[in-house]
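Colleague: quick one, fold the following:
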Amino acid sequence: MRQGIGILCAAIIATGCASAPPSAAPPTAQLTRHYTAISLEGFEDAIHHWRNRYGDKYAKYEPTQIVGIAENVLLYQRDVGGWIENQDATRILTSAEMDGIRKEKSNPKASFDNRNVYSQIEYLFAVYDQTGSARYRDAAMKGFDYTLGMQHKQCGGWPHTVPGSEAYHPYITMADEVTSGILRMLRKVENGSAPFASVPASDRARAKAARERGDACILKLQIVQNGQPTGWAGQYDPQTLQPAQGRTFELPSIISWESVEVVRYLMSIPSPSPEVVRAIDGAMSWFDRVKLTGVKIEIVPIDPPVKYTWHTATTDRRLVADPKAPPLWARFYDLKDSSVVLANRDGTRAATYADVHHERRTGYNWYGTWPTPLIETEYPAWKKRMGR
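Modeller: Residues are numbered from 1 along each chain as shown. Okay, here's the model as predicted:
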C-alpha cells in the first residue's frame, strides 16, 4: 500500500461531506467518493509524458474520483496561479511526495506546454459544479487570472513557459495547442458554456477581450507564401513576430500538426469573419499542396532495446515507397518553399529521414496523417454549415 493519502483512502469507507463548509478541505474519505466522471482528455498529454518517463506502476484515482484528482490539481498549483507541465493528476501521492510538491509552490515557474493550465482550470470548474466547494472555483479563477496576465501585449498569443529556462520559452507558441487551446477555453468562459456558468459577467467580459486579441494574433501570424496563406509556425518571436526556433531539432518552419489544431479552432467560431474564412481555406489548400503520396512509415523491431533519456526504443522507423499508401504529411515544412524540414538535436537540418538520429527518429513524430480528418470530414462539414 502507498503511504499517506493512499493508506487513509483505502481504510475509510467513502462518504459525503455535506456538513463541511464549502471552503474547507475535504475529509480524507471524500477523496475516493465516486461522482460523475469528468473527462481527463485535457490531461492525457501530461499523463502520457509522466508515464513515458516514470512508468505506470503506481496507485491511481479512478476518473469518477474527481475530488482526489482535484485535490492533486490544487496541490500542484503554484502560488502564481499556474501549473508546471507533465504531471499525472490521477496519482495517489505519498506523504513525502506531497511534502515535496508543497515546497515547490512558491516557485514562479509555470507552463502552458502540452495543453497545460487551461485544462486544470476547466477541470476545477467542472469539479466545483458537482461538489459546490468554492476551493475549486477559487483556484480555477486564480488560474484564469494568471492566464490572462500571461497574454503577450504586442500580439495576443501565449508563451510556452514563464519564467523561461530555454530560449524558446517566452515565444508566442502555437505548438501543443498553447494559444489555440487557451482561446478555445476563453470562448467557453465568454459564453458561459459548461463548466463556466458560474464565472461572473465582468470576468466573462475579460475573457472576451483576451480572446478577441488572440484571434487577431492568429490571423496576423499565418505564414504567407507567394501571396497565399499557408499554415503556422510552432513559435514566434514576440517582438518581431517572425517564426522562431523551438527545441534544437525544431527549426523555424511551418508546422502541420499544430496548424491542424489552429484550423480546428478557427472552424469552431460560430460566425467567422471573411478573414477567418480566408485563413481556413488557405490552410486547407496548403495541406493539399504539401501532402506526400506513395510513401509510408515502416516500423521495424530492434533487439536489444535502446534506452534514451525520454524513451526506450524497441523499434526503428523508415520512410519507404508504397504506391497504395494514404497521404502522409511531414511535421515541418520550409518557410519559403514548403520543402520537408528534418533535423537532429545538434540543430543541423537532415537531408533525409534516414539521416535523423535513431533517438529522434523513434522519439518524435516527423510524419503523420494529422490533416486527414480535416480534409475528409471536418472541413466539408464546416463548409456545409457555412452554406458554401
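Colleague: which stretches in the protein count as helices?
Modeller: Ranges of helices within the chain are 5-11, 44-54, 66-76, 95-103, 118-131, 134-149, 178-191, 201-221, 256-267, 274-290, 358-363, 372-373, 379-385, based on DSSP state H.
Colleague: quick one: contacts for the closest residue to H49 other than its chain neighbours?
Modeller: Nearest non-adjacent residue to H49, counting by CB to CB, 6 or more residues apart in numbering: N86, 4.1 Å away. For every residue, glycine as well, the C-beta is placed using N, CA and C. Neighbouring residues of N86 by CB atoms under 8 Å, 6 or more residues apart in numbering: D45, A46, H49, W50, D113, N114, N116.
Colleague: picking up where we left off before, what would the helices of the chain look like in a markdown table with mean neighbour count?
Modeller: Shown next, in a markdown table, are the helices of the chain (neighbours: other CB atoms under 10 Å):
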| stretch | mean neighbour count |
| --- | --- |
| helix 5-11 | 16 |
| helix 44-54 | 16 |
| helix 66-76 | 23 |
| helix 95-103 | 13 |
| helix 118-131 | 24 |
| helix 134-149 | 20 |
| helix 178-191 | 24 |
| helix 201-221 | 17 |
| helix 256-267 | 23 |
| helix 274-290 | 17 |
| helix 358-363 | 18 |
| helix 372-373 | 14 |
| helix 379-385 | 14 |
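Colleague: what's the domain layout of this structure?
Modeller: 1-149, 290-371 (automatic domain parsing).
Colleague: of all these, which lies closest to Y236?
Modeller: domain 290-371 (11.6 Å; CB to CB).
Colleague: distance between the ends of that closest one?
Modeller: 11 Å (CA to CA, to the nearest Å).
Colleague: avg pLDDT for that domain?
Modeller: When pLDDT is averaged along domain 290-371, the result is 97.
Colleague: where does the prediction get shaky in this structure?
Modeller: Low-confidence segments of the chain (pLDDT under 70): 1-23.
Colleague: 50 instead, please
Modeller: 1-22 (pLDDT under 50).
Colleague: tell me which residue is most central in it.
Modeller: Most central in the chain under CA atoms, centre = their mean is R115, positioned 2.1 Å from the mean C-alpha point.
Colleague: residues in contact with that residue?
Modeller: Residues counted as contacts of R115 (CB under 8 Å, 6+ apart) are G42, F43, E44, D45, A46, D176, E177, G181.
Colleague: which of those sits closest to A244?
Modeller: Proximity of the contacts of R115 to A244 (CB to CB) peaks at D176, which lies at 15.2 Å.
Colleague: how far away is the closest one from G149?
Modeller: 20 Å (CB to CB, to the nearest Å).
Colleague: one more: D303?
Modeller: 51 Å.
Colleague: then S259?
Modeller: According to CB to CB, S259 and G149 sit 27 Å apart.
Colleague: again with W329
Modeller: Distance of W329 to G149, computed by CB to CB: 36 Å.
Colleague: how many residues are close by the closest residue to P238 other than its chain neighbours?
Modeller: Excluding its sequence neighbours, the residue lying closest to P238 (CB to CB, 6+ apart) is H152, at 4.9 Å. Counted with other CB atoms under 10 Å, residues neighbouring H152 total 21.
Colleague: give me the distance between the lengthiest strand in the chain and the centre of its chain.
Modeller: Secondary structure assigned by DSSP state E gives strand 295-307 as the longest strand of the chain. Its chain's C-alpha centre and that of strand 295-307 lie 27 Å apart, by CA atoms, centre = their mean, to the nearest Å.
Colleague: ok, now stretch 67-78?
Modeller: 18 Å.
Colleague: who's in contact with that stretch?
Modeller: So stretch 67-78 is contacted by 5, 9, 25-26, 30-33, 35, 40, 61, 63, 83-84, 87, 89-93, 98, 101-102, 104-110, 120, 123-124, 127, 131, 135-136, 139, 142-143 (CB under 8 Å, 6+ apart).
Colleague: among the helices of the chain, which is nearest V162?
Modeller: Closest approach to V162 among the helices of the chain is made by helix 134-149 (9.2 Å; CB to CB).
Colleague: tell me how far that closest one lies from the chain's centre.
Modeller: Offset of helix 134-149 from its chain centre (CA atoms, centre = their mean): 18 Å.
Colleague: for that helix, packing partners?
Modeller: The contact analysis (3 or more CB pairs under 8 Å, 6 or more residues apart in numbering; DSSP states H and E) places helix 134-149 against helix 66-76, helix 118-131, helix 201-221.
Colleague: which residues does the nearest residue to N191 once chain neighbours are set aside contact?
Modeller: Once flanking residues are discounted, N191 sits nearest to R204: 7.9 Å by CB to CB, 6+ apart. Residues in contact with R204 (CB under 8 Å, 6+ apart) are V189, E190, N191, G192, F196.
Colleague: who's in contact with V162?
Modeller: V162 makes contact with G82, P108, K109, A110, S111, M150, H169, P170 under the criterion CB under 8 Å, 6+ apart.
Colleague: mind redoing it with 10 Å?
Modeller: By CB atoms under 10 Å, 6 or more residues apart in numbering, the contact list for V162 reads V80, G82, P108, K109, A110, S111, F112, Y146, G149, M150, H169, P170.
Colleague: and if you look at Y367?
Modeller: 256, 292, 295-297, 317, 319, 328-331, 340, 342, 353.
Colleague: and what of Q235?
Modeller: 157, 159-160, 168-175, 178-179, 221, 243-247, 250, 252, 255, 258.
Colleague: tell me how many other residues surround the closest residue to it other than its chain neighbours.
Modeller: Sequence neighbours aside, Y171 is the residue nearest to Q235 in space, at 3.9 Å (criterion: CB to CB, 6+ apart). Look at Y171: counted by other CB under 10 Å, it has 28 neighbours.
Colleague: same question for K105.
Modeller: K105 has 12 neighbours, counted by other CB under 10 Å.
Colleague: no further questions, thank you.
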